[in-house]
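**Student:** I would like to see how this sequence folds:
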Amino acid sequence: MPLNLPNALTWLRILLIPLFVAVFYLPDGWLPARTINLTATLIFALASVTDWLDGWLARRLNQTSAFGAFLDPVADKLMVAAALIVLVDLDRASVDVALIIIGREIAITALREWMARLGRSGNVAVSFVGKLKTTAQMIAILLLLYHDPILGWNFTPIIGRWLLYLAAFLTLWSMLHYLIMAWRALRDQPAEPQKNSL
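**Tutor:** Now for the predicted structure:
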């Protein structure tokens, strides 16, 4: 396991998850509700920044590794799943949307692993729709975590929910895209010869 700055940032993102969750479940009266929302939002924003930063540093410092390539998406999915579960528990996000997004992440991760074993990982590379989904999803989570008025306007819950619905729609669209690409790759792959068993 290579220990370098990009991987350290990825580990930091994973370590932030229990801190992020704990903020919402502190004993009553420890922190005002607005402070809890703001603190959780800032922790999630920090995790999102480290997501971009660790990949950029890995390329910039030439410190890419197979372990880092494995750990980075795992950390992302854990952070998003934790945020969605907390939001559902707080009644700020619907269960069906959370299940769609989390279920898709698990399915596509398994698909990418399977395609990588077949040497076809390029066929399920990140698409533009996937990037758009991630952007909508991250903004939605930040707005729903904050949940308080900004400059006197209480638009964060409404816009956050609509963006999360958009992310769920794009989630299904991007999953269909990946499945079609994988199916085409497997269709064009010649079948392996059968081995006779004695």
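**Student:** what's the longest helix seen in the chain packed up against?
**Tutor:** Ranked by residue count and defined by DSSP state H, the top helix of the chain is helix 156-188. Under the contact definition 3 or more C-beta pairs under 8 Å, 6 or more residues apart in numbering; DSSP states H and E, helix 156-188 sits against helix 95-117, helix 128-146. Just so you know, the C-beta spots here come from the backbone N, C-alpha and C atoms, and that holds for glycine as well.
**Student:** pLDDT of the first one, averaged?
**Tutor:** Looking at helix 95-117 alone, the average pLDDT works out to 82.
**Student:** that older thread, residue 54: which of the helices and strands packed on helix 156-188 is closest?
**Tutor:** The minimum distance between residue 54 and those falls on helix 128-146, with 15.3 Å, by C-beta to C-beta.
**Student:** List the buried residues in that closest one.
**Tutor:** 129-130, 133-134, 136-146 (16 or more other C-beta atoms under 10 Å).
**Student:** List the contacts of that helix.
**Tutor:** 37-38, 40-41, 44-45, 48, 80, 83-84, 87, 92-93, 101, 156-157, 159-164, 166-167, 170-171, 173-174, 177-178 (C-beta atoms under 8 Å, 6 or more residues apart in numbering).
**Student:** Is it correct that residue 82 is in contact with residue 17?
**Tutor:** Yes. Using C-beta atoms under 8 Å, residue 82 is in contact with residue 17, at 5.0 Å.
**Student:** Give me the below-cutoff pLDDT ranges for the chain.
**Tutor:** 1-2, 115-127, 185-186, 188-198 (pLDDT under 70).
**Student:** Try it again at 80.
**Tutor:** 1-4, 6, 55, 58, 61, 63-71, 108-130, 149-152, 177-198 (pLDDT under 80).
**Student:** Now do the domain split for it, please.
**Tutor:** 1-91, 94-186 (automatic domain parsing).
**Student:** what's the closest of the buried residues of helix 128-146 to residue 23?
**Tutor:** For the buried residues of helix 128-146, the nearest to residue 23 is residue 145 (9.7 Å; C-beta to C-beta).
**Student:** Please determine how far the closest one is located from residue 38.
**Tutor:** Distance of residue 145 to residue 38, computed by C-beta to C-beta, to the nearest Å: 9 Å.
**Student:** rewinding a little: quick check: which of the helices and strands packed on helix 156-188 is nearest to residue 32?
**Tutor:** helix 128-146 (13.8 Å).
**Student:** relative to helix 95-117, how tilted is the closest one?
**Tutor:** Calculated by axes from the mean of the first three to the mean of the last three C-alpha atoms, to 10 degrees, helix 128-146 forms an angle of 140 degrees with helix 95-117.
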